[in-house]
Structures are given as C-alpha cells and as structure tokens.
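Undergrad: Sharing a sequence plus its predicted fold:
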Amino acid sequence: MQRKAYVPGVVALLAALLAGCTGGSDEGGSTDDSNPGQAGTATAAAQPGKYATLPEACGVVSRSTLDSLLPGIRQLADETQRDTAYAGEATLTYDTDRKVGCRWKVESADATDHLLVDFERVVSYDNAVSDDNQAEALFAKRVAAADLPAPAVSTSGSPSPSGSPSGSATASASPSATASATASASASSTVAPAELQPRLLEDLGDEAFIDDALGSSGSTAEQRTVTVAFRTSNVLVTIAYEEQPATVGVVPDSEEMQDKARKLAAQLDDSLAG
C-alpha cells in the first residue's frame, strides 16, 4: 500500500529558499552614494559551510561497531579475510572533498549483512545562497522522496501505534462490525508500532529521518533495509543497513536494526562535530 507522505514544512521550506534565491529589491534605484554606473549597493556573499573536507569513509566506523552490525565478521576464521572485511570497500567517487562512501558485506551461517556509509559535502555556487541553505534544500528533497507515513491516529484523536479500535466501540458493535474490526486488527498487527515506523528524528544532527523497508524476492528470506539520513551544517550523511536471513520465514528484527543504525549515526555525527 502506498504510504501517505508526511513532510511537515518541506514545501514551505523549499518556497522560502526559492524566494531567497530569486528575490531582489523592488525599488529598482541605486543609493545616493553609489558609484556612477553601479546598479546598487553590493550584496554580501552568503556564508560558506562549516565543513571544507570529508572524513575517510572506510575508516570512520570502529571495529567494535562493525562487530555489532556485521556479526559474521567474528565468524571468519581466516585473519586475512577478517581484515579485508573490516576494511570495507570505498565507493566510486571523483572528488573526495565533495563525496565519499564505503561498503561492507559479510555472510554468515545465519544471514548476509550489508552496510553503506555515505558522506556528501554541499557547496553553493550562488553568492545569495549559503552552503547550509543549499544543503537544507537538498535534504528537504530527500525527506520528500522518502515518503514518510503520517503518524497513526486512533478514533479518539490520540496517536495509536496499533491503529486498532477502542474496547468500548468494539463491545457495542454488531456481529458483522465486530468481525470486520477483528479482520482489521489482524491486518494492523503486521504494521510496525509508531515508534518503529519511518519517521523524522529530532535528536540527530540539524535534521534527520529514518526509513525501514521489508521486502522479499520470491521464495527467498525477507530482507530488511534500515536507512538513517541526517544533515549537519553543509554535510549530508546516509547510512543504509541491510540484513537478509539465511532461512526462509525468518524476519530481521526491526527494533534491533534501527537501534544499531541510529547508534552508528550518532557516532558519525559526533565524529563530525569533533
């Protein structure tokens, strides 16, 4: 089922940024003390972003963190294979001052785990738009593209993680309505609680969101992908954490994977701040 986008303020933000880029004086005249031939007073250039470089992506995640996200590493008997797994593989880039990333993949008897860490430093080439504002606009587009669902709301108007009807409503319902409500409740039991659904995050960077998608390929085991993205000043960071169990019918735990991905995101945010 297609998710309803929940992007508070994104449209207003993009409109405000667009107005800042295209706006100008509506008076049209120059100041009294302007030089001959000058159209008006000079506009101060927008401030550059906080970050002028990016970290080394394959070296920014500690071994202990990789042990947690990729438990198969500890099952590798060969030391050379373990070292290679810890080292990761740098993603292709043509400018390491603007974009870097690293991938890890580890197979074990229980599952195959993937991890991607990506950093992008945003630079504005418009003197009227700061690097931070440019990064903010780009991140707003990413939030919109994530198509985050609106929080579930119960019939009483308060948030309801399960979305099931209240007890009093069910008790007074007719048999047919009760059966319908039971079917609805059964279907909603497969939906993640509100605290685990894709959502905006308030405790990471300047702004952030988390996405969680579960998919399968035919008769193979279900693969879960947890994505955490955040912005700190003019740097955008993306973490994609995937797990596919080796056994059909086993479903990766959403809460555990989200917790691990968010802890890594907090570590990366701290490393940028330091």
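TA: Perfect, thanks for sending it. Numbers count the residues shown, from 1 in each chain.

Undergrad: Any buried residues in the longest helix anywhere in the chain, and which?
TA: The single longest helix within the chain, with elements called by DSSP state H, is helix 254-273. Under the neighbour-count criterion of 16 or more other C-beta atoms under 10 Å, helix 254-273 has Ser254, Met257, Gln258, Lys260, Ala261, Arg262, Leu264, Ala265, Leu268, Asp269, Leu272 buried. C-betas here are computed from N, CA, C, even on glycine.

Undergrad: pLDDT and distance to Ala52 added to those residues, as JSON lines?
TA: Formatted as JSON lines, those follow (pLDDT from 0 to 100; distance: C-beta to C-beta, whole Å):
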{"residue": "Ser254", "pLDDT": "95", "distance to Ala52": "37"}
{"residue": "Met257", "pLDDT": "97", "distance to Ala52": "34"}
{"residue": "Gln258", "pLDDT": "97", "distance to Ala52": "32"}
{"residue": "Lys260", "pLDDT": "97", "distance to Ala52": "31"}
{"residue": "Ala261", "pLDDT": "98", "distance to Ala52": "27"}
{"residue": "Arg262", "pLDDT": "97", "distance to Ala52": "27"}
{"residue": "Leu264", "pLDDT": "98", "distance to Ala52": "24"}
{"residue": "Ala265", "pLDDT": "98", "distance to Ala52": "22"}
{"residue": "Leu268", "pLDDT": "97", "distance to Ala52": "18"}
{"residue": "Asp269", "pLDDT": "96", "distance to Ala52": "18"}
{"residue": "Leu272", "pLDDT": "92", "distance to Ala52": "12"}
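
Undergrad: Of the residues you listed, which is the nearest to Glu107?
TA: For the buried residues of helix 254-273, the residue nearest Glu107 by C-beta to C-beta is Met257; the value is 17.1 Å.
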